[in-house]
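Asker: Sharing a model that was predicted from the sequence below.
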Amino acid sequence: MTEYVEQLEGQYRRTTEQLALYRRACASPVLDLAALCAARHGLLSASTARAKFLQTEIYPLILRGQGDAFAARIEELDRDLAVKRRLSSGHIAQWSTAAVQADWPGYKVASAQIVRLVETRLTLEKAVILPALRTLAMRRVA
């Protein structure tokens, strides 16, 4: 069970690292399109992998261990994720490469909103999922 905690913490580290790269790319006064594209791709990839890991591995594990008591929390997390995915998809659709090149200052403002979305999501997940997973791990050890 502790391996799941370690894997999830690794997912959080990867997402945080990718978020830092994205933040750095967006902080540049001059657009470095290659760095921005790599950072966008890295953040999207890390976020998608983490969401898939949660859905396929962690949520079922927690539900087996805590039953219906945790089901409502998972539904809340799923609703929150759906909202954030819509906002992220809208951001990606609005800010094509050409749009970013045409309005780098505007993109930097918009990207700050995406950074806040990701940070908020990570904080929420860590507050809800990690304690539940650690509790299960402790039960298995005891």
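Answerer: Everything's here; your move. Numbering: from 1, shown residues only.
Asker: C-alpha only now, for contacts and for neighbours.
Answerer: OK.
Asker: Give me the below-cutoff pLDDT ranges for the protein.
Answerer: In the predicted model, the chain carries pLDDT under 70 at residues 1, 141-142.
Asker: Can you tell me which residue is spatially central in it?
Answerer: The geometric centre of the chain, computed from its C-alpha atoms, lies nearest to S47 (Cα atoms, centre = their mean), at 4.1 Å.
Asker: Look up the closest residue to it, ignoring the ones flanking it.
Answerer: The spatially closest residue to S47, leaving aside those adjacent along the chain, is T15, at 6.2 Å (Cα to Cα, 6 or more residues apart in numbering).
Asker: So that neighbour sits against T48, correct?
Answerer: No. T15 sits out of contact with T48 when judged by Cα atoms under 8 Å, with a separation of 9.5 Å.
Asker: could you pull out the helices for the protein?
Answerer: Remark: helices of the chain, listed N- to C-terminal, are 2-27, 33-53, 59-66, 68-94, 97-102, 104-141; assignment by DSSP state H.
Asker: If you count contacts, what does the fourth one end up packed against?
Answerer: Helix 68-94 is packed against helix 59-66, helix 104-141, with contacts defined by 3 or more Cα pairs under 8 Å, 6 or more residues apart in numbering; DSSP states H and E.
Asker: what's the angle from it to helix 104-141?
Answerer: With axes from the mean of the first three to the mean of the last three Cα atoms, to 10 degrees defining the directions, helix 68-94 sits at 160 degrees from helix 104-141.
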